[in-house]
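Colleague: can't give you the sequence, but here's the structure:
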C-alpha cells in the first residue's frame with residue numbers, strides 16, 4: 001500500500017533523512033521507533049508533502065505521490081494525525097470532525113457514525129469546544145478527525161504522548177479495532193515501546209535519519225535491541 005524508497009530530506013544544508021526505505025501493507029500496523037531526533041516526525045511530514053523530499057520516492061497504492069501537495073495526498077486516502085494533537089480549540093467537537101470529513105458527501109452522517117462507533121465520549125460532547133476537552137479527549141478527537149475522511153492509511157505521530165496509562169490503553173484499543181473492523185492500515189511513530197509492541201505487526205528503528213533495524217514486533221523483547229537503539 002505505502003512504499004517509501006531511498007527518501008532523503010533536508011532542512012537547508014542539514015540532511016535529516018538518509019536513504020529511508022520501508023513499506024506498509026494493507027490492513028497492517030507498522031511502527032517507526034527511535035530516540036528523539038532520529039528523524040521520525042520528518043519522515044511522516046515528508047510522506048505527507050509537508051517537508052519536501054530532496055530525493056527518493058513515495059508510492060501510495062502504486063502511485064507516485066512524491067511532491068504532491070498535502071491536500072491531494074490526503075484526498076487519495078491518507079489520514080494524518082500529527083504530534084501534539086493540533087485540534088482547533090475554538091471550534092466544537094462536531095466542527096473539528098466536519099473538517100476531517102470535508103471530502104465526504106454527507107459530513108454530518110460520517111461524523112456521527114464514526115464517533116458513535118469508536119469514540120462514544122466524543123459523541124456526548126459534539127457541541128463542546130475542543131479546547132475544553134481533557135488531554136486524552138483531545139487526542140481522541142485528533143484521531144477521530146483523521147478517521148472521518150475514510151482513509152485507507154492512517155498515519156499517527158506519538159498518539160500516546162503525555163497521556164495517563166488508562167487513556168493510552170483506550171487509544172491502543174481504538175486503533176486496533178479500527179484496523180481490524182474497517183481494514184485501515186496504520187503507520188505509527190512511537191517512543192512508548194510497550195504501546196508499539198502491543199499494537200504493531202512489524203517495526204522499523206531509525207537512528208540518525210536512517211533505518212537501522214526492522215523486524216517482527218515480537219523481537220522487541222530482545223533487551224540488546226532495546227539497549228542499543230531505543231533506551232534513552
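Modeller: That came in fine, so what should we check first? This structure is a prediction, so every number in the text was calculated from the model and none was measured.
Colleague: contacting residues around residue 186?
Modeller: The contact partners of residue 186, taken as Cβ atoms under 8 Å, 6 or more residues apart in numbering, are 24, 28-30, 153-156, 175, 178-179, 199-200. (Glycine included, C-beta is placed from N, CA and C.)
Colleague: Pipe the residues you listed into CSV and attach pLDDT per row.
Modeller: Formatted as CSV, the entries for the contacts of residue 186 read as follows, by pLDDT from 0 to 100:
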residue, pLDDT
24, 97
28, 95
29, 96
30, 97
153, 96
154, 95
155, 96
156, 95
175, 90
178, 85
179, 86
199, 92
200, 94
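Colleague: Mark which of these are buried, thanks.
Modeller: Buried positions within those, assessed by neighbour count (16 or more other Cβ atoms under 10 Å), are 24, 28-30, 153-156, 175, 178-179, 199-200.
Colleague: Residue 139 contacts residue 163, correct?
Modeller: Yes. Counting by Cβ atoms under 8 Å, residue 139 touches residue 163, with 6.3 Å between them.
Colleague: Of those two, give the one with the bigger neighbour count.
Modeller: Each of residue 139 and residue 163 has its neighbours counted (other Cβ atoms under 10 Å); residue 139 has more, 26 against 21.
Colleague: Contacts made by the strand or helix carrying the more buried one with the rest, please.
Modeller: Here residue 139 sits within helix 135-147, counting by DSSP states H and E. Judged by Cβ under 8 Å, 6+ apart, the contacts made with helix 135-147 from elsewhere in the structure are 79-81, 85-87, 93, 96-97, 99-100, 114-115, 118-119, 121-122, 125, 130, 133, 154-156, 159, 162-164, 167, 170-171, 174-175, 178, 184.
Colleague: Helices - which of the residues you listed land there?
Modeller: Using DSSP state H to define helices, the subset of the contacts of helix 135-147 located there is 93, 96-97, 99-100, 114-115, 118, 121-122, 167, 170-171, 174-175, 178.
Colleague: Quick check: the residue nearest the centre of the chain vs residue 12, distance?
Modeller: With distances taken as Cα atoms, centre = their mean, the residue of the chain nearest its centroid is residue 156 (1.4 Å). Using Cβ to Cβ, to the nearest Å, one obtains 28 Å as the distance from residue 156 to residue 12.
Colleague: before we move on, the earlier item: spit out the residues that contact residue 139 and residue 163 alike.
Modeller: Contacts common to residue 139 and residue 163, judged by Cβ under 8 Å, 6+ apart, are residue 171.
Colleague: where are the low-confidence patches of the protein?
Modeller: 85, 102-112, 114-116, 222-226, 231-232 (pLDDT under 70).
Colleague: any chance you could map the strands in it?
Modeller: 2-11, 14-24, 29-33, 55-60, 63-64, 78-81, 153-157, 185-189, 202-207, 210-216 (DSSP state E).
Colleague: Having no further points to raise, I will conclude here.
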